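Novice: Model the following, please.
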Amino acid sequence: APGAVVGSPDRRGHAAEIVEVSGDEITLKVVKGMGRSRTPAPGSVPEPGERITYTSLLDDFQSSASLPDPELTPWTHGGPPQEYVPGDDDAQEEWS
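Specialist: Residues are numbered from 1 along each chain as shown. This next block holds a predicted model:
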């Protein structure tokens with residue numbers, strides 16, 4: 001949809017905004033990754049007719065997985081050990 005920001009997996013740090021959708025043609029406005037000078041850096045703007053893949057799935061939207069609650073974290077990963085409760089089997093242990 002117009003106004004959506006898309007990126008190219010082939011051009012990291014490059015972003016474009018969809019300006020117009022007309023049939024199978026999409027007009028994009030490059031908004032990020034052209035450099036800081038008045039004229040774009042060589043190769044930063046696609047050449048007319050150049051085929052580039054764009055996607056709305058940008059690296060910016062990938063969040064890290066949430067961690068479990070501390071009481072649900074296994075002891076092998078620093079969680080609390082289970083409380084020791086002696087049982088009848090412990091009283092039968094052989095001592096040398």
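
Novice: use CA for all of it now, contacts and neighbours both
Specialist: Fine.

Novice: could you dump the helix or strand of the chain with the lowest mean pLDDT to PDB, C-alpha only?
Specialist: Ranked by mean pLDDT, DSSP states H and E, the helix or strand of the chain with the weakest confidence is helix 88-91, at a mean of 79. Extracted as PDB, the C-alpha positions of helix 88-91 are listed here (Å, rounded to 0.1, in the frame of the first residue of the first chain):
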ATOM      1  CA  ASP A  88      12.100 -42.500  53.200                       C
ATOM      2  CA  ASP A  89      14.600 -43.700  50.600                       C
ATOM      3  CA  ASP A  90      17.200 -41.300  51.900                       C
ATOM      4  CA  ALA A  91      17.000 -42.900  55.400                       C
END
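
Novice: starting at the chain centroid, how far to it?
Specialist: Averaging C-alpha positions (C-alpha atoms, centre = their mean, to the nearest Å) puts helix 88-91 52 Å from its chain's average.

Novice: Low-confidence regions, this structure specifically.
Specialist: 59-63, 93, 96 (pLDDT under 70).

Novice: what residues does the longest strand belonging to it touch?
Specialist: If you go by DSSP state E, the chain has its longest strand at strand 11-22. The contact list for strand 11-22 (C-alpha atoms under 8 Å, 6 or more residues apart in numbering) reads 1-8, 26-34, 44.
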